[in-house]
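Novice: Have a look at this prediction, sequence included:
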Amino acid sequence: MIDPQLLREDPDTIRRSQEARGASVGIVDQAIEAEAARRSAISEFERLRAEQNALGKRVASAPKEEKAALVAQAQDLAAGVKAAQQAAGDAERHFTDLTRSIANVVLDGVPAGGEDDFVVLREVGEKPEFGFEAKDHLVIGEGLDAIDMARGAKVSGARFYFLKGVGARLELALMSLGLDRALEAGFTPVIPPTLVKPEIMEGTGFLGEHAEEVYYLPADELYLVGTSEVPLAGLHSNEIVDLSAGPLRYAGWSTCYRREAGSYGKDTRGIIRVHQFNKLEMFVYTTPEDAEAEHERLVGWQEGMLQALGLSYRVIDVAAGDLGTSAARKFDVEAWVPTQNAYRELTSTSNCTTFQARRLGIRSRGEGGTRPVATLNGTLATTRWIVALLETHQQEDGSVVVPEALRPYLGGLDVLRPVTGR
RNA sequence: GGAGACGUCGCAUAGUCCGGUCGAGUGCACCACCCUGCUAAGGUGGAGAGGGGUUUGACCCCUCCGUGGGUUCAAAUCCCACCGUCUCCGCCA
């Protein structure tokens, strides 16, 4: 949720943000109107309620013979109070609904426009060259008996898969490497619930334009999370957290579920785009002042992971129109995928400023009261990384060299070799 | 799945039967000050969250006793639903 004070004092900033996102500008004026209506409705209700309270006090202490008359008087008031309360509640809800449908205000410097209007911040590492025809990750993965798409489809349908053998081990290794690095950086490891209540899913901003992406279990009124950002944001919902000793940093490991509605025919091959995968996610609660610096730190940790794995990548500043509802700025780290001759997103880190915290009621104590904290998230490892890993480090015979950083997590294994006669 | 108990302002608890004196008492912890030449203790005062108004005054008002409804002139207190916690029984890993 945007800052209501900003709405009142500097609506132009919000209008500019909405414009950069290609979102509705008119809604800003509707929200301002609703704000005024809300305040006058509340004032009216409170005036009547005060009167009722005063009268109630007199009823309680009045002598018997005056009581009947006073009660009659109070009865007259009661109906009016009830109506005013109803009106105030309606006005409040109307205002909240409008305000909630305004996306987070993008930060200065975020490129305007849509998906293709990102700005490349840097490219790092040499793109791999092969003296042979490179195979794609699925061919390699099947050769290693690491990925089984066909049986995944048999058991669960399209976009499901089995990781087995070195495939399964590779994923666990990636997560473990990421977790060790997170621990080094002071993160608290967390294994969160992956089914969450509506208000948590709502609060993180995933039920806006991306509602179709989310699995829902109507029998239990629970949502399956698409990232552990959701439970980790909910972790401190409606709490006043203590940031006096620095940011609260969590590294959440969880399975993630995505419906991938609207991406029919896109990335149908292999494990690039799937309904279920694992992810190690960083999630940080910090002060609004520190948020941008923390965002840079998160990108740094992410880049450290890709570098350790010997992957070639670029970092992009995602354009306003391609940001999620909650993000004020987002950096994607994209790894080079040789057979696609393209960079593909491996990590994403968003600065949600105070937007999520406001919706979820997460504050910290400062001078003169409480105020919303800033929240940020970023990826440290996901199943998809296997794609870049296999393709980048493949050899002509179908084997794959394991990056040194990963070997300790694979029992010292340095080369993954094709399996024959399975 | 069956039965029962409980959910109060950081923590612990009083209040709920008999609605107004609870706009919520007490203890601990906390903050400020005072006293005491150490330590412990003692004294005084303060202290929650959200919102509205404002002559912007350290002022006034409204809301918050798990959540949401209802009854009533008036609800922490009565009624209903839901959520959560705990105990016992059953069933099953």
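Specialist: Alright, I've got the coordinates. Numbers count the residues shown, from 1 in each chain, chains lettered A, B, ... in the order given.

Novice: so where is chain A shaky, pLDDT-wise?
Specialist: Scanning chain A for pLDDT under 70 picks out A:368, A:421-422.

Novice: Nearest residue to the middle of it?
Specialist: Among the residues of chain A, the one closest to the centroid is residue A:229, at 4.9 Å (CA atoms, centre = their mean).

Novice: Tell me who's in contact with the nearest residue to it once chain neighbours are set aside.
Specialist: The shortest distance from residue A:229 to any non-neighbouring residue, by CB to CB, 6 or more residues apart in numbering, is to residue A:377 (4.4 Å). Bear in mind the C-beta positions are built from the backbone N, C-alpha and C, glycine included. Contacts for residue A:377 (CB atoms under 8 Å, 6 or more residues apart in numbering) come out as A:227, A:229, A:232-233, A:281-284, A:298, A:349-350, A:352.

Novice: Wait, the residue nearest to the centre of chain A touches residue A:279, no?
Specialist: No. Applying CB atoms under 8 Å as the test, residue A:229 and residue A:279 come out as separate, 9.2 Å apart.

Novice: ok so, going back, return the subset of the contacts of residue A:377 lying in strands.
Specialist: Among the contacts of residue A:377, DSSP state E puts A:281-284, A:349-350 in strands.

Novice: wait, which of these is closest to residue A:157?
Specialist: Ranked by distance to residue A:157 (CB to CB), those are led by residue A:281 at 25.5 Å.

Novice: just so I have it, where are all the helices in the stretch 101-250 of chain A?
Specialist: A:137-143, A:149-156, A:166-184, A:198-203, A:229-234 (DSSP state H, counting those that start in this stretch).

Novice: Which neighbouring elements make contact with the helix or strand that contains residue A:12?
Specialist: In the assignment (DSSP states H and E), residue A:12 maps to helix A:11-21. Where contact means 3 or more CB pairs under 8 Å, 6 or more residues apart in numbering; DSSP states H and E, helix A:11-21 is packed against helix A:4-9, helix A:26-61.

Novice: if you compare the ones you listed, which one is most tucked away?
Specialist: helix A:26-61 (a mean of 15; mean count of other CB atoms under 10 Å).

Novice: could you check the angle helix A:11-21 makes with that one?
Specialist: Helix A:26-61 runs at 130 degrees relative to helix A:11-21, counting by axes from the mean of the first three to the mean of the last three CA atoms, to 10 degrees.

Novice: and the next element down the chain from helix A:26-61?
Specialist: Counting by DSSP H and E, what follows helix A:26-61 is helix A:64-100.

Novice: Could you measure from the closest residue to RNA strand B within the stretch 201-350 of chain A over to residue A:371?
Specialist: Of all residues in the stretch 201-350 of chain A, residue A:240 sits closest to RNA strand B, at 6.7 Å by CB to the nearest atom of the strand. Noted for residue A:240: a distance of 10 Å to residue A:371, by CB to CB, to the nearest Å.

Novice: So for residue A:147, what's the nearest residue that isn't a sequence neighbour?
Specialist: For residue A:147, the spatially nearest residue (CB to CB, 6+ apart) is residue A:141, at 3.4 Å.

Novice: Next up, the contacts around that neighbour.
Specialist: Here residue A:141 is in contact with A:147, A:167, A:270-271, A:386, A:390 (CB under 8 Å, 6+ apart).

Novice: who touches both of residue A:240 and residue A:371?
Specialist: A:363-364.

Novice: how about the strands in the stretch 301-422 of chain A?
Specialist: A:313-317, A:329-337, A:342-351, A:362-366, A:369-372, A:374-382, A:400-401, A:415-416 (DSSP state E, counting those that start in this stretch).

Novice: Give the pairing partners of the first one; include direction for each.
Specialist: Pairing partners of strand A:313-317, with direction, according to DSSP bridges: strand A:119-124 (antiparallel), strand A:329-337 (antiparallel).

Novice: how about the longest one: buried residues?
Specialist: By that I understand strand A:329-337. Using 16 or more other CB atoms under 10 Å as the test for burial, strand A:329-337 gives A:329-337.

Novice: Equivalent analysis for stretch A:116-126, please.
Specialist: Using 16+ other CB under 10 Å as the test for burial, stretch A:116-126 gives A:118, A:125.
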